[in-house]
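Student: got a structure for you, letters missing:
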DNA sequence: GGACGGTGAAACTTCAGGTTGCCTC
DNA sequence: GAAGTTTCACCGTCC
C-alpha cells in the first residue's frame, strides 16, 4: 500500500522511480501490483517488442509485456539482454516510469531516477534474512537524482515496523560503509594469477612471485606476508603436481640463500591453461576427466557433466526437494558415463554433486531442442540465466577441445566440437549441417529439416518457392545465395504450399 | 456408508548477481 | 524471516 502511494505520488510529480527488492519474484510481483493501479498508459508497441524477444514467448515474457504496457517494468538477471536493453533505453527516454529491480540494476547500469525506493533492506543469506551491507545500500540509494534533470534526488527506505525504522536510520543513514577487502586471497583467483605471471614470463622464481604479491592491495591489507607466501608456495606445489609448471635449478638447497631461487617454467599445457583463463584446478580436473573419456564409451551426458561440475559453472541449478527422486533416477541411468567423480553419499559435497546432475540434465534438454518455456517450468531457470549458463558451457567446451589437442586424444575433438555447436544453438545432432547457413538457427533449421531439407546439398536442390514458403522471402534469398544461387533479382511471389510448415505456423 | 469437495491450518520450500575468459580463417 | 505452495485433517453434502 505504502509503495503504491509513493509511486502514484512520484508519477503525479511527473518523475520516475526505481524500486529495489530482494528477489526476482518480488520484483515481478511489485511491478504487477503497480501496473494494476495504472490507468491511462498504453505502451502497446514496446510491450509487443518485449514479448517477442525470444522465438517463442515464455510466461516471464508475457508477465513483463503486461506490466510494460502500463509503463512499469521489472528487471533482474532472468531477463534476456534484449529485454534489459529495451527497459533501460525506454526508461531513459521516459516512456517507462518505474522499474522494480533486484540489485542487478544498482550494480552495472547507469540509470538514475528522481526517486530510489528501497523496499527490502534484508536479503536471504547464510543465517536466514540478513541486513544488506551499507555499501550496497549506498549503491542503490545513489541511483536517486539525475544530474541533468533534477537538482536533487530522493532515496526512500521502507521499514516494516516502527522498530525497524530506527534500526534502518542507525544502520544505513548514520552508518559507515564497510571496509573493502581484497579478493585476491581467494584460492581460485590466486591460482590463476600465479600461473599467469609465470606463463607470461613476468616472474620466473619463487622470490619474484613473493615480491610481486607483496606489492598488492591484498598484502597491504593483511600485512602478514608469511601467510601469503605460504599460500603461494602451496599453489606452486599444486601447479607442479598438475604438470602445468616445472621447477629447475637448485632443488637441494646447498645454502639458505638459494631458497626461492629455483626457476619455474610453464609447460605447454600450463601455458594454454593460462591463456584460456580458467582456474588451473578446473583445468586439472578436466585433464583427468578427458583422460578417462579417452578410454571409455562416452555420451553427451559425459562431457556436459564434466563441465557442470566445474567451479566456473557455479552456482549450479539447485535441486528441489521434490525433484530428488527424479534426479537420482537420471543419475542411475547415466552412472556409467560420468566423467567427474561421484562423492560419497555422506560427503557434504554430495548435494552439490546432485545439483551438477540437474545442471547436466538442463543442458541435455537444451540440446534436445526444448524451448525456454519448458526449461523455465522444468528447471526453474529463466531465459537470461539460460544464456549465461550456455555461454559458460560453450567456453568450457572450447577449453576442453584445446586440452584434448594438447593431450593428443584426437577422437574426442570431434565429439567436443559437435557438442559445442549444439550447446550454442540448442539443437539435436541432425541439424548441425544446416546451421552453417547465415540466418539459420535452431528454429529455421528444424523447419527445413522437417520438410526434408537436411543439408547443404538439399538446400541447393530445393525449390526456391519452397524455401520462400518455409523461411520467408528475405531469408530464403540469403540462404540460397550461400549455395551460390542468386534469387535476389528474380521477382517471386510468396506462395505458400499446402501442408508445409512455415515459420509463422511454427 | 462412502465418495467427493471445500476450507483452513500446518508444514514445507525457496530465496541476488556476475567479469571476462577463447577464436573459426 | 517471509511469502508462496503443498499437504492434510476435518467437515458437510450428495448420492
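Tutor: Noted; the coordinates are in hand. The structure displayed is predicted, hence computed values, not measured ones.

Student: can you count the residues close to the residue in the stretch 251-400 of chain A that DNA strand C sits nearest to?
Tutor: Proximity of the stretch 251-400 of chain A to DNA strand C (Cβ to the nearest atom of the strand) peaks at residue A:322, 7.1 Å away. The C-beta positions use only the backbone N, C-alpha and C, and glycine is treated the same way. Neighbour count of residue A:322, defined by other Cβ atoms under 10 Å: 7.

Student: check contacts around it.
Tutor: Residues near residue A:322 by Cβ atoms under 8 Å, 6 or more residues apart in numbering: none.

Student: Over to the one 3 residues further on?
Tutor: Contact partners of residue A:325, counting by Cβ under 8 Å, 6+ apart, are absent.

Student: Would you mind naming the helix or strand containing it?
Tutor: Assigned by DSSP states H and E, residue A:325 belongs to helix A:324-334.

Student: Give me the contact list for the helix or strand following that helix.
Tutor: Sequence order places helix A:350-366 as the next helix or strand after helix A:324-334, per DSSP H and E. For helix A:350-366, the surrounding residues in contact (Cβ under 8 Å, 6+ apart) are A:300-301, A:304-305, A:307-309, A:313, A:316-319, A:323-324, A:327-328, A:330-331, A:340, A:342-344, A:347, A:374-375, A:378-379, A:381, A:386, A:389-390, A:393, A:423, A:426.

Student: Of the residues you listed, keep whichever come out buried.
Tutor: Among the contacts of helix A:350-366, those buried by neighbour count (16 or more other Cβ atoms under 10 Å) are A:300-301, A:304-305, A:307-309, A:313, A:316-317, A:319, A:323, A:327, A:330-331, A:340, A:342, A:375, A:379, A:381, A:386, A:389-390, A:393, A:423, A:426.

Student: Can you classify the residue nearest to residue A:371 when sequence neighbours are not counted by secondary structure?
Tutor: Sequence neighbours aside, residue A:56 is the residue nearest to residue A:371 in space, at 5.4 Å (criterion: Cβ to Cβ, 6 or more residues apart in numbering). With DSSP: H, G, I helix; E, B strand; the rest coil as the basis, residue A:56 sits in coil.

Student: Would you agree residue A:56 is in contact with residue A:376?
Tutor: No - look at residue A:56 against residue A:376 with Cβ atoms under 8 Å: they stay out of range, at 11.3 Å.

Student: between these two, who's got more neighbours?
Tutor: Set residue A:56 next to residue A:376 and count neighbours by other Cβ under 10 Å: residue A:376 wins out with 19 against 12.

Student: can I assume the more buried one sits in a helix?
Tutor: Yes - Residue A:376 sits within a helix when classified using three-state DSSP.

Student: Now do the same contact list for it.
Tutor: Contacts of residue A:376 were listed using Cβ under 8 Å, 6+ apart, and they are A:58-60, A:382-383.

Student: Can you give me the pLDDT of it?
Tutor: pLDDT, residue A:376: 90.

Student: roughly how far apart are it and residue A:62?
Tutor: According to Cβ to Cβ, to the nearest Å, residue A:376 and residue A:62 sit 11 Å apart.

Student: now swap in residue A:187 and tell me
Tutor: Here the criterion is Cβ to Cβ. By it, residue A:187 lies 43 Å from residue A:62.

Student: now swap in residue A:309 and tell me
Tutor: Counting by Cβ to Cβ, the gap from residue A:309 to residue A:62 is 35 Å.

Student: before we move on, what about residue A:123?
Tutor: Taking Cβ to Cβ, one finds residue A:123 at 27 Å from residue A:62.

Student: and those two? which has more neighbours close in?
Tutor: Neighbours of residue A:123 and residue A:62, each counted by other Cβ under 10 Å, are more numerous for residue A:123; the result is 16 against 12.

Student: ok, now which ones touch the residue nearest to the more buried one when sequence neighbours are not counted?
Tutor: Residue nearest to residue A:123 in three dimensions, not counting chain neighbours: residue A:22, with 4.4 Å by Cβ to Cβ, 6+ apart. When contacts are counted by Cβ under 8 Å, 6+ apart, residue A:22 touches A:102, A:120, A:122-124, A:132.

Student: which pair in the residues you listed spans the largest distance?
Tutor: A:102 and A:122 (13.6 Å; Cβ to Cβ).

Student: For those two, indicate the residue with more neighbours.
Tutor: In this view residue A:102 and residue A:122 are compared by other Cβ under 10 Å, and residue A:102 has more residues nearby, 22 against 13.

Student: Okay, and residue A:281 sits in which element?
Tutor: helix A:280-294.

Student: Need the residues that contact whichever helix or strand comes after that helix.
Tutor: Next helix or strand after helix A:280-294 toward the C-terminus (DSSP H and E): helix A:300-308. For helix A:300-308, contacts defined as Cβ under 8 Å, 6+ apart pick out A:285-286, A:289-290, A:293, A:313, A:316, A:334, A:337-340, A:356-357, A:359-360, A:363-364, A:367, A:393, A:396-397, A:400, A:415-416, A:419, A:422.

Student: Mind doing that once more with 7 Å?
Tutor: A:286, A:289, A:293, A:313, A:316, A:334, A:337-340, A:356, A:359-360, A:363-364, A:367, A:393, A:396-397, A:400, A:415-416, A:419 (Cβ atoms under 7 Å, 6 or more residues apart in numbering).

Student: now the contacts of residue A:22 in a markdown table, with distance to DNA strand B, pLDDT and secondary structure?
Tutor: Shown next, in a markdown table, are the contacts of residue A:22 (distance: Cβ to the nearest atom of the strand, whole Å; pLDDT from 0 to 100; DSSP: H, G, I helix; E, B strand; the rest coil):
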| residue | distance to DNA strand B | pLDDT | secondary structure |
| --- | --- | --- | --- |
| A:102 | 4 | 93 | coil |
| A:120 | 10 | 92 | coil |
| A:122 | 10 | 92 | strand |
| A:123 | 6 | 91 | strand |
| A:124 | 4 | 89 | strand |
| A:132 | 8 | 92 | coil |
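
Student: thought residue A:182 was touching residue A:217?
Tutor: Yes - if you go by Cβ atoms under 7 Å, residue A:182 and residue A:217 touch, sitting 4.9 Å apart.

Student: Mutual contacts of those two, please.
Tutor: Joint contacts of residue A:182 and residue A:217 (Cβ under 7 Å, 6+ apart) do not exist.

Student: what number of residues lie near residue A:286?
Tutor: Residue A:286: 27 neighbours (other Cβ under 10 Å).

Student: Of the contacts of helix A:350-366, which are in range of DNA strand B?
Tutor: The residues of the contacts of helix A:350-366 that also fall near DNA strand B, by Cβ under 7 Å from any atom of the strand, are residue A:318.
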